[in-house]
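# Pasting a predicted model and its sequence here:
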Amino acid sequence: MTPTFTRPAEGEYAPFYAGYVARVGDGELIEQMEAQVEEVSRLLRGLSEDAAMARYEPGKWSVKEVAGHLADAERVMSYRALRVARGDQTPLAGFDENAFVAGADFDARPLASLVAEWEAVRRSTLALFRNLPPETHARTGNANGKPVSVRALGFIIVGHVAHHLEILRTRYGLR
């Protein structure tokens, strides 16, 4: 049986993440996570390597860098969810997504490997969230100096990908 994750309250995540949480529809969170696998794959797998190097303006990330960022950010958020779900109250550090991208050299990798990596990370995220006991969903911890709940992290993960899918469509012109 697929667990049901209720929408987190505003105090369960930092205000910075409100836009991501708002992007998540009213359906089951796990089903939305699953649907994004196909959506990301369909959008990115057909691109040529040249098209994957596109930037919508100078200084912005390439499509490859966006794909790599999706995997990195999801790893960080899933790790936070694991720690909080297991009752670990150790404050968790923030992460600088721009430093992560700058240190990764995603543009040197084939796009297919970046998409495959994100898919593997998402499968891992799905395995974690499918198997979290219901009593852990509202459990809170501290990340980057702010409270965060397990369910909020699930919503942030889905909303973050939705945010970047919209950017890929509107600013990069991907269809």
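Happy to help now that I have it.
# Output the contacting helices and strands for the longest helix anywhere in the chain.
If you go by DSSP state H, the chain has its longest helix at helix 63-85. Here helix 63-85 touches helix 29-45, helix 49-52, helix 97-102, helix 111-130, strand 140-143, strand 146-149, helix 150-170, going by 3 or more C-beta pairs under 8 Å, 6 or more residues apart in numbering; DSSP states H and E. C-beta: built from backbone N, CA, C; applies to glycine.
# between it and helix 111-130, how many degrees?
Going by axes from the mean of the first three to the mean of the last three C-alpha atoms, to 10 degrees, helix 63-85 is angled at 20 degrees with respect to helix 111-130.
# Can you give me the buried ones in helix 63-85?
Neighbour-count burial for helix 63-85, with 16 or more other C-beta atoms under 10 Å as criterion, is recorded at 63-78, 80-85.
# Send over it as CSV, restricted to the C-alpha atoms.
The C-alpha trace of helix 63-85 is given here as CSV (Å, rounded to 0.1, in the frame of the first residue of the first chain):
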residue,chain,number,x,y,z
VAL,A,63,20.8,21.8,-19.5
LYS,A,64,23.5,19.2,-18.5
GLU,A,65,24.2,21.3,-15.3
VAL,A,66,20.5,21.4,-14.5
ALA,A,67,20.3,17.6,-14.9
GLY,A,68,23.3,17.2,-12.6
HIS,A,69,21.9,19.7,-10.1
LEU,A,70,18.6,17.7,-9.9
ALA,A,71,20.5,14.6,-8.8
ASP,A,72,22.7,16.5,-6.3
ALA,A,73,19.8,18.4,-4.7
GLU,A,74,17.6,15.3,-4.5
ARG,A,75,20.5,13.4,-2.8
VAL,A,76,20.8,16.2,-0.2
MET,A,77,17.1,16.4,0.5
SER,A,78,16.6,12.6,0.6
TYR,A,79,19.5,12.3,3.0
ARG,A,80,17.9,15.0,5.2
ALA,A,81,14.6,13.0,5.1
LEU,A,82,16.4,9.8,6.1
ARG,A,83,18.2,11.5,9.1
VAL,A,84,15.0,13.2,10.3
ALA,A,85,12.8,10.1,9.8
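# From Asn142, how far off is the residue of the chain positioned farthest from its centre?
Farthest-out residue of the chain from its mean C-alpha position, per C-alpha atoms, centre = their mean: Asp50, at 24.8 Å. Look at Asp50 and Asn142: by C-beta to C-beta, to the nearest Å, they are 43 Å apart.
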